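**Student:** I'd like to go over a predicted model; first the sequence, then the structure.
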Amino acid sequence: MTDVKTLSHDPYNLIITGVGGQGNVLASRVLGNMLSNKGFFVTIGETFGASQRGGSVMSHLRISKDKTCSPQIPRGKAHMVVALEPVETLRVLMEYGNPNVKALCNTRPIHPVGVITGANNYPDTRDLKSWIEELTESAWFIDATDMAVKLGNPIFGNIMMIGALASQNELPIDRKDFEAVILAAMGPEKTKINLMAYDKGMEMAG
Amino acid sequence: MTRLIEAEEGSRQLFMGNEAIARGALEAGMKVAAGYPGTPSSEIIENLAEVSEKAGIYVEWSANEKVAMEVAAAASFAGLRSLCVMKQNGVNVASDFLLHLAGSGTRAGMVLVPCDDPGALSSVNEGESRHFARLVEVPLLEPGDFQEAKDMVKWAFTLSEEIRNLVMVRSVTRLSHASGNVIMGNIAESKNLEAETKNSAFFKHDGFILDQMEGAVISAPVTYKHGQQHEKLKKAIEFFETSPFNTYTGPENPELLVITSSVCSLYTNEALQMLNAKDRVGLLKLGTTWPLPPKLVAKHLKMTDKILIVEEVIPFLEESVKTLAAELGPEIGVKTFFGKRDNTIPSTGELNPDIIASALSGILGIDMEPVPEAYTKRAGELAFLNAPVRDLTFCPGCPHRASFWSIKNALTMDNREGFICGDIGCYSLAMLPSGFSALKTLHSMGSGTGVASGFGKLGQFGLNQPVVSVCGDSTFFHSAMPALVNAVHHRSNLTMIILDNSGTGMTGFQPHPGLNEDALGKDAPAVDIEAVVRAAGANVTVCDPFDLAETRETVLKLLEDNNGVNVLILRQICALSPEKKGKKQFEMSVDENICVGENCGCNRLCTRIFSCPGLTWDREKKVSRIDEVICAGCGVCASICPLQAINKKEVA
Ligand code: SF4
Ligand code: SF4
């Protein structure tokens, strides 16, 4: 086990948000295991079931040097929001945001049924970006899904987001941690393509 | 996940609560596990099934929760430790057996794990399993974190053997589906026992009638056995008085004592931290919540005059503590209680650190440190105006969307205000607009057809609306079969539609008796729904719901036939099934030149009404468009468009 490095906050509160079916749980598991393997105490709060049928889903990750935390982050206490769908960023910031929060967003929208039927509007991407920027200390936007489709499967978008997150040095994680977790979970065959997605994510976040 | 069994003793793993529970059972040398799928409990049986061969255990998805408990009980009677698992309302289903089991007692350790869903995150009720412990009088444990989830389940088997009765370990969604770090205990011990356990099952039944270990296992003579049961509870209380699962943290003379259990102890801890109030408030976290250990509770009640009880759903702990406090009155004096009964804690919905912090700040007179008001206001505004609500809907390519589309259309064409009695499964979503608000009643498993059976007998009082019930394939076996038989026998007029998608879709596609595979992935004889229905004496028709026209016509015909029970099986595999997931049968496209959207007579039939998430509406071009990332390629929408603007091309 590697030494526990310092966290900018303890607990560090990270929210992964998206829409049911996007693979939130996969992303939170991978990230959680990367940090747990480093010796941190990780608590993840999430729900499965009905919410996975087209609803908004959230995973709360809490990273601490020495304790198990509540699986729900208190209001206004998020340090980082990773959004697999852009409009979900707004929803999460409303409850868990604060002037110092950061956000990393996938730009690909998934239209709620209400938008598909025409009852509601989906905001314009440019507006959405400016609002998210306004509500965060810093925000990054990457076209993860589009790139993932090029790699052959939209689900790689999540892995790209993890790569992008790692590139920001917000958390003490690196490529080796990622490789170890993926190797243990998926075996050597799938690790290669996942590493590719991870690298792409790092690259896109610049 | 082989980590469940291979993770070494002493190693530290990031485990989901449900994995921790499964590991605890393995560490206890449990041999038989049975359950019925239900969020948030399903992963316990799933995980155990995956390691069953390695662990040398037997695991099954039973037809319903009552059968699951009976299967697990048999193992206990034959000398093997057993586990049974279900969601909160599953305990309702199993409760008749549960009552009698508590009366007869068990032999080898037997543990029931119900997983409650406060806030109904994935349920249509906010049911509560804890009161069953009191109702049938068996001990209740509630883990407060992930480590305890494992350790408590393990210890529950020991306790069960000490008192020779069932022990309940209650989890909740925020524990079962949350994850945290757990230090592994020893599993090898039970591995070594493998050879011994091979021939270790034997049901001894010819001993003295009152001998629980050797005689017949029955709950009579009732008052004698009931008395014995009370003795067992007294013994449990003795263990509880010194149990390490009950902990106190805080000052010696706190201003306020919080008594809590379950995941609420993590919330309370967080709330105390938020308010910086750890030196003013004492926290008594109870792991053994029924029956309460009176000496332990008395000792803590004496510490202060103000007591707050923090728990979810019904004021179960609150009532137990207050009963004790009344009995202990002369010893501990008069106390002021805060909790659910005086609305300090909301009476419904799940809790979180903020709710508890606000309750605490009210009692203690502390101001909470808020997020800057301007930020909250602005973020609230932006989200309220611009983040469109995300209603739940069927998956792209879900057969249910197509089924309800056709049933709804048939009912409209029939024009006699017919209605659908709903049931429990993914198809419950048909109560929402995204499911065409098709369901008009929705209650427990199997009740759609039961309620329909009643409606179908109201003709003599003038009810002449067509009556339809829907039920899934797994639900059919769970509890719709008796309702069907009842309807046939009483010549009730109804159309029962079985939405057969070859699995238990909502909870992650677990097998059921209608499939030729069991929980362990082994071949199993499939019980044919069609044959069962026929044998019961109902007419039966089978259709593919993806054939919209034929399905609609069939339903229409059945509605018109006002003569007893007609059953229609709509058979099409769930879009998330392993066979279908990630594989498109059709490559879909919309011909922009043919799609005239708002202008044609269809008024955007495909998106405005059918509304599969795989289709989006291009506001600029005013045409419908396929979202290739989301579309599952089922091909159904091609037959929705009246102008044939939606094309499907078979994927090679
Ligand atoms: S899981 Fe299956 S049954 Fe449930 S909504 Fe999705 S496709 Fe339909
Ligand atoms: S083919 Fe049509 S109905 Fe089927 S998933 Fe794709 S968009 Fe939805």
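**Tutor:** That came through fine. Ligands and ions are numbered 1, 2, ... in the order given.
**Student:** only C-alpha atoms for contact and neighbour calcs from this point on.
**Tutor:** Fine.
**Student:** What's the local residue count around residue 69?
**Tutor:** No chain was given, so I picked chain A. 23 (other C-alpha atoms under 10 Å in any protein chain shown).
**Student:** Chain B was what I was after
**Tutor:** For residue B:69, using other C-alpha under 10 Å, the count is 29.
**Student:** Next one: it relative to chain A, how far apart?
**Tutor:** 23 Å (C-alpha to the nearest C-alpha, to the nearest Å).
**Student:** ok and the residue in chain A nearest chain B?
**Tutor:** Closest contact between chain A and chain B, by C-alpha to the nearest C-alpha, is at residue A:117 (3.7 Å).
**Student:** Walking through chain A, point out its strands one by one.
**Tutor:** Assigned by DSSP state E, chain A shows strands spanning A:12-19, A:41-45, A:56-64, A:80-83, A:102-106, A:138-142.
**Student:** Look at residue B:493 and report its pLDDT.
**Tutor:** At residue B:493, the pLDDT value in this model is 96.
**Student:** Contacts only, for it.
**Tutor:** B:453, B:456, B:457, B:467, B:487, B:562, B:563, B:564, B:565 (C-alpha atoms under 8 Å, 6 or more residues apart in numbering or on different chains).
**Student:** next one: residue A:56
**Tutor:** Counting by C-alpha under 8 Å, 6+ apart, residue A:56 makes contact with A:17, A:18, A:19, A:20, A:88, B:390.
**Student:** Pick the one among those closest to ligand 1.
**Tutor:** residue A:20 (10.4 Å; C-alpha to the nearest ligand atom).
**Student:** Let me know the closest of the contacts of residue A:56 to residue B:306.
**Tutor:** residue A:17 (39.9 Å; C-alpha to C-alpha).
**Student:** and the gap between the closest one and residue B:616?
**Tutor:** 22 Å (C-alpha to C-alpha, to the nearest Å).
**Student:** Could you do residue B:12 as well?
**Tutor:** For residue B:12, the distance to residue B:616 - C-alpha to C-alpha - is 46 Å.
**Student:** I'd assumed residue B:308 was in a strand, is it?
**Tutor:** Yes: assigned with DSSP: H, G, I helix; E, B strand; the rest coil, residue B:308 falls within a strand.
**Student:** residues near it, how many?
**Tutor:** Residue B:308: 22 surrounding residues under other C-alpha under 10 Å.
**Student:** That one contacts residue B:258, doesn't it?
**Tutor:** Yes: in this structure residue B:308 lies within contact range of residue B:258 using C-alpha atoms under 8 Å: 4.7 Å.
**Student:** hmm, back to that, out of residue A:17 and residue B:616, which sits in the busier spot?
**Tutor:** residue A:17 (29 against 26).
**Student:** Show the contacting residues for that one.
**Tutor:** Contacts of residue A:17 (C-alpha under 8 Å, 6+ apart): A:24, A:56-59, A:81-85, A:88-89, A:92.
**Student:** 10 Å instead?
**Tutor:** Residues near residue A:17 by C-alpha atoms under 10 Å, 6 or more residues apart in numbering or on different chains: A:23-25, A:27-28, A:56-60, A:81-89, A:91-92, A:105.
**Student:** can you pull up the bridge partners for it?
**Tutor:** Beta-bridge pairing for residue A:17 (DSSP bridges): residue A:58, residue A:83.
**Student:** From ligand 2, how far out is it?
**Tutor:** 23 Å (C-alpha to the nearest ligand atom, to the nearest Å).
**Student:** For that residue, give me the pLDDT.
**Tutor:** 96.
**Student:** got any ranges where the stretch 551-652 of chain B has weak pLDDT?
**Tutor:** By pLDDT under 70, the weakly predicted segments of the stretch 551-652 of chain B are B:599-601.
**Student:** Show me what from it comes close to ligand 2.
**Tutor:** Contact residues, the stretch 551-652 of chain B versus ligand 2 (C-alpha under 6 Å from any ligand atom): B:588, B:612, B:614, B:615, B:626, B:631, B:632, B:633, B:634, B:635, B:636, B:637.
**Student:** so which helix or strand takes in the nearest residue to the third one once chain neighbours are set aside?
**Tutor:** Okay, so that is residue B:614. Closest residue to residue B:614 in three dimensions, ignoring its sequence neighbours and counting by C-alpha to C-alpha, 6 or more residues apart in numbering or on different chains: residue B:631, at 3.9 Å. Using DSSP states H and E, residue B:631 sits within no helix or strand.
**Student:** Backbone dihedrals for residue B:631, please?
**Tutor:** The phi and psi values for residue B:631, taken as degrees, to the nearest 10, are phi -60, psi 130.
**Student:** Contact partners for it?
**Tutor:** Counted by C-alpha under 10 Å, 6+ apart, residue B:631 has contacts B:395, B:396, B:397, B:584, B:586, B:587, B:588, B:612, B:613, B:614, B:615, B:616.
**Student:** ok, now residue A:202?
**Tutor:** A:160, A:161, A:162, A:163, A:164, A:165, A:166, A:167, A:168, A:175, A:196.
**Student:** what's the neighbour count on the closest residue to it other than its chain neighbours?
**Tutor:** Leaving aside its chain neighbours, residue A:202 sits nearest to residue A:164 (4.3 Å; criterion: C-alpha to C-alpha, 6+ apart). By other C-alpha under 10 Å, the residues close to residue A:164 number 28.
**Student:** so residue A:164 makes contact with residue A:203?
**Tutor:** Yes: assessed by C-alpha atoms under 10 Å, residue A:164 is found in contact with residue A:203 at 7.3 Å.
**Student:** Find residues that contact each of the two.
**Tutor:** By C-alpha under 10 Å, 6+ apart, the residues touching both residue A:164 and residue A:203 are residue A:197.
**Student:** how would you label residue B:258: helix, strand or coil?
**Tutor:** Once three-state DSSP is applied, residue B:258 turns out strand.
**Student:** OK, contacts around it?
**Tutor:** Residue B:258 touches B:248, B:265, B:268, B:281-285, B:300-301, B:306-310, B:337-339, B:360, counting by C-alpha under 10 Å, 6+ apart.
**Student:** could you pick out which of those are near chain A?
**Tutor:** B:265, B:268 (C-alpha under 10 Å from any C-alpha of the partner chain).
**Student:** still on that earlier bit, roughly how far apart are the residue nearest to residue A:202 and residue A:154?
**Tutor:** 16 Å.
**Student:** now do residue A:35
**Tutor:** From residue A:35 to residue A:154 the distance is 25 Å (C-alpha to C-alpha).
**Student:** more crowded one of these two?
**Tutor:** Between residue A:35 and residue A:154, counting by other C-alpha under 10 Å, residue A:35 is the more crowded of the two (24 against 19).
**Student:** wouldn't the more buried one be in contact with residue A:173 here?
**Tutor:** Yes: if you go by C-alpha under 10 Å, residue A:35 and residue A:173 touch, sitting 7.0 Å apart.
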